[in-house]
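Peer 1: Give me the fold of what follows.
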Amino acid sequence: MKGVVLAGGTGSRLRPITHTGPKQLVPVANKPVIQYGIEDLRDAGVTDIGIVLGDKGRDEIQAFLGDGSEFGVDITYIIQGEPLGLAHAAACARDFVGGDDFVMYLGDNIFHQGLAEMVDRFESGDYGASIALQRVDNPRQFGIADVADDGTVERLVEKPDDPPSDLALVGVYVFSPAVFDVIEDLEPSWRGELEITDAIQGLLDSGAAVDSHVVEGWWKDTGKPEDILHANRLVLEDIESALDGEVHPDADVTGRVDLAPDASIEAGAVVRGPVSIADGSVVGADTYVGPYTAIGHDTRVRGPHIENSVVVGESELTADVRLIDCLLGRGATVGSAEDLLPEGHRLVVGENSNLKL
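Peer 2: Purely as a prediction, here's the structure:
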């Protein structure tokens, strides 16, 4: 069994954060999103992994993952170039996969449950594919599977007016190499892409059995800023407290706080977990860091009240303001205009930024 992680795409829904880097490296609880997928594959026993890269962020992803040894896996890089659909991305990995079965994992997705059960069930049967499904409240907005009592998939329907179930496809699939022959015969959809749902339907039409695996824990597609904040909350909900950094005796720290060894919380600061504070960061006096906040590496926080937010890193936050539900990109500065005249906000805002003042 091999792994194929899709790490292409433009990240347009995450702009401006993705103007300067790929969406797969945006941190959730101070860990890049793609690392969650790599670790899920490794924990399921899949250690030979191909990373399918697009044109954007190719060098950054390779620099982060390297040869995979830091994460206990072997990584091969595969170039897709222009994104032409999930089935096209899978086809790009054909030479890497060879005659093996493979798990395909979307690199901007996070699963709470892991993959081991899904992989074990696929390997114990005679399937052309297995798909991960999750129950949704609004099935008319998703690709929906019609599933038999034994869990095999009977058909797929894209955004149906009359949904046969509430089971939506999510971003993990297991395929036999037979899928490559099906993809070869696919025609682009109305949006000009080779759709993975068409490939799975093609397997069904050819007589192959397609298994399903209902995800019982949470699953997040981190494609939009609010998704990053939500995923951050979900992951921080499970963190263990680890005060490996320096906490001044006059700081007020309660709840589960993951403080990196080179991070510090100074006298007069208040931190209420669950919170993650990365290496090299400092939380100074008169600062409140509230629940579900991740402070990225090498960041200085002195003065604000911040909660339910993600600070990517290398930032300076010194204004005496309340920062709620914020996603702050690398190198952001939030300073005070208190002594400046005329009074007013002073902003340097990049393309596709989103402010609520």
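
Peer 1: use CA for all of it now, contacts and neighbours both
Peer 2: Noted.

Peer 1: how about the strands of the stretch 101-250 of the chain, start to end?
Peer 2: 102-106, 109-111, 129-135, 143-147, 153-158, 167-175, 210-214, 219-221, 242-243, 246-247 (DSSP state E, counting those that start in this stretch).

Peer 1: Report the contact partners of the closest residue to Ala269 other than its chain neighbours.
Peer 2: Closest residue to Ala269 apart from its sequence neighbours, by Cα to Cα, 6 or more residues apart in numbering: Ala285 at 4.6 Å. Applying Cα atoms under 8 Å, 6 or more residues apart in numbering, we find Ala285 in contact with 266-269, 302-303.

Peer 1: One more pass at 6 Å, please.
Peer 2: 267-269 (Cα atoms under 6 Å, 6 or more residues apart in numbering).

Peer 1: now, which of those residues sits nearest Phe142?
Peer 2: Ala269 (44.9 Å; Cα to Cα).

Peer 1: Roughly how far does the closest one sit from Leu347?
Peer 2: 27 Å (Cα to Cα, to the nearest Å).

Peer 1: who has more neighbours, the two?
Peer 2: For Ala269 versus Leu347, the count of surrounding residues by other Cα atoms under 10 Å is larger for Ala269: 22 against 7.

Peer 1: okay but the more buried one is in contact with Val282, surely?
Peer 2: No: with contacts counted by Cα atoms under 6 Å, Ala269 stays clear of Val282, the gap being 10.0 Å.

Peer 1: quick revisit: minimum distance to Arg13: which of the strands of the stretch 101-250 of the chain has it?
Peer 2: Closest among those, using Cα to Cα: strand 219-221, at 11.5 Å.

Peer 1: show me where the stretch 151-300 of the chain has helices.
Peer 2: Listed in chain order, the helices of the stretch 151-300 of the chain (DSSP state H, counting those that start in this stretch) span 178-184, 196-205, 225-236.

Peer 1: Nearest to Phe96, out of those?
Peer 2: Nearest of the helices of the stretch 151-300 of the chain (Cα to Cα): helix 178-184, 12.1 Å.

Peer 1: Next, format the helices of the stretch 151-300 of the chain as TSV and append distance to Asp48.
Peer 2: Output for the helices of the stretch 151-300 of the chain, formatted as TSV (distance: least, Cα to Cα, whole Å):
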stretch	distance to Asp48
helix 178-184	19
helix 196-205	22
helix 225-236	26
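
Peer 1: Quick one: residues contacting Val253.
Peer 2: Val253 sits next to 270-271 when contact means Cα under 6 Å, 6+ apart.

Peer 1: how about 7 Å then?
Peer 2: 270-272 (Cα atoms under 7 Å, 6 or more residues apart in numbering).

Peer 1: Columns mean pLDDT on top of the strands of the stretch 101-250 of the chain, output as JSON lines?
Peer 2: JSON lines is the format used below for the strands of the stretch 101-250 of the chain (pLDDT from 0 to 100):
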{"stretch": "strand 102-106", "mean pLDDT": "95"}
{"stretch": "strand 109-111", "mean pLDDT": "88"}
{"stretch": "strand 129-135", "mean pLDDT": "93"}
{"stretch": "strand 143-147", "mean pLDDT": "90"}
{"stretch": "strand 153-158", "mean pLDDT": "87"}
{"stretch": "strand 167-175", "mean pLDDT": "92"}
{"stretch": "strand 210-214", "mean pLDDT": "93"}
{"stretch": "strand 219-221", "mean pLDDT": "82"}
{"stretch": "strand 242-243", "mean pLDDT": "94"}
{"stretch": "strand 246-247", "mean pLDDT": "96"}
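
Peer 1: I'd like these laid out as JSON lines, including mean neighbour count.
Peer 2: Converted to JSON lines, the strands of the stretch 101-250 of the chain look like this (neighbours: other Cα atoms under 10 Å):
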{"stretch": "strand 102-106", "mean neighbour count": "24"}
{"stretch": "strand 109-111", "mean neighbour count": "22"}
{"stretch": "strand 129-135", "mean neighbour count": "22"}
{"stretch": "strand 143-147", "mean neighbour count": "21"}
{"stretch": "strand 153-158", "mean neighbour count": "18"}
{"stretch": "strand 167-175", "mean neighbour count": "24"}
{"stretch": "strand 210-214", "mean neighbour count": "22"}
{"stretch": "strand 219-221", "mean neighbour count": "18"}
{"stretch": "strand 242-243", "mean neighbour count": "16"}
{"stretch": "strand 246-247", "mean neighbour count": "16"}
